[in-house]
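Trainee: heads up, no residue letters with this:
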């Protein structure tokens, strides 16, 4: 019976160690290079800006056309 308990405990310890290693790897990946993360964020924000500008430009053109049609 004690051997079974020790085996179970060793398995649990192995699983815990694997989980900790996975977490440590994930932390290293996210903190590896903050410059890369900021560049990705900047690229995403720039893309959103371009889309909003295009939407506004299209809106302005539609409104100009409606004003001309109303005259």
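Mentor: Here it is on my side, so go on. Note that the structure is predicted; figures quoted are calculated from it, not measured. Residues are numbered from 1 along each chain as shown.

Trainee: which SS class is residue 18?
Mentor: helix (DSSP: H, G, I helix; E, B strand; the rest coil).

Trainee: pLDDT value on it, please?
Mentor: What the model reports for residue 18 is a pLDDT of 84.

Trainee: where's it relative to residue 44, distance?
Mentor: 33 Å (CB to CB, to the nearest Å). Every C-beta, even on glycine, is put in place using the N, C-alpha and C of the backbone.

Trainee: cool, residue 26 as well?
Mentor: Taken as CB to CB, the span from residue 26 to residue 44 is 21 Å.

Trainee: go on, residue 23?
Mentor: Counting by CB to CB, the gap from residue 23 to residue 44 is 26 Å.

Trainee: any low-confidence regions in this structure?
Mentor: 1-11, 29-32 (pLDDT under 70).

Trainee: longest helix anywhere in it?
Mentor: helix 34-70 (DSSP state H).

Trainee: Next, the buried residues of that helix.
Mentor: By neighbour count on 16 or more other CB atoms under 10 Å, the buried set for helix 34-70 is empty.

Trainee: from the middle of its chain, how far away would that helix be?
Mentor: 22 Å (CA atoms, centre = their mean, to the nearest Å).

Trainee: same deal with stretch 59-71?
Mentor: 40 Å.

Trainee: Could you shift the numbering so residue one becomes 40, and keep it that way?
Mentor: Sure, I'll start counting at 40 from here, so that last one is stretch 98-110.

Trainee: and residue 75, how far is that from residue 82?
Mentor: From residue 75 to residue 82 the distance is 11 Å (CB to CB).

Trainee: Could you do residue 92 as well?
Mentor: Counting by CB to CB - residue 92 and residue 82 are separated by 16 Å.

Trainee: From the contact counts, what lies against the longest helix of the chain?
Mentor: Helices and strands touching helix 73-109, by 3 or more CB pairs under 8 Å, 6 or more residues apart in numbering; DSSP states H and E: there are none.
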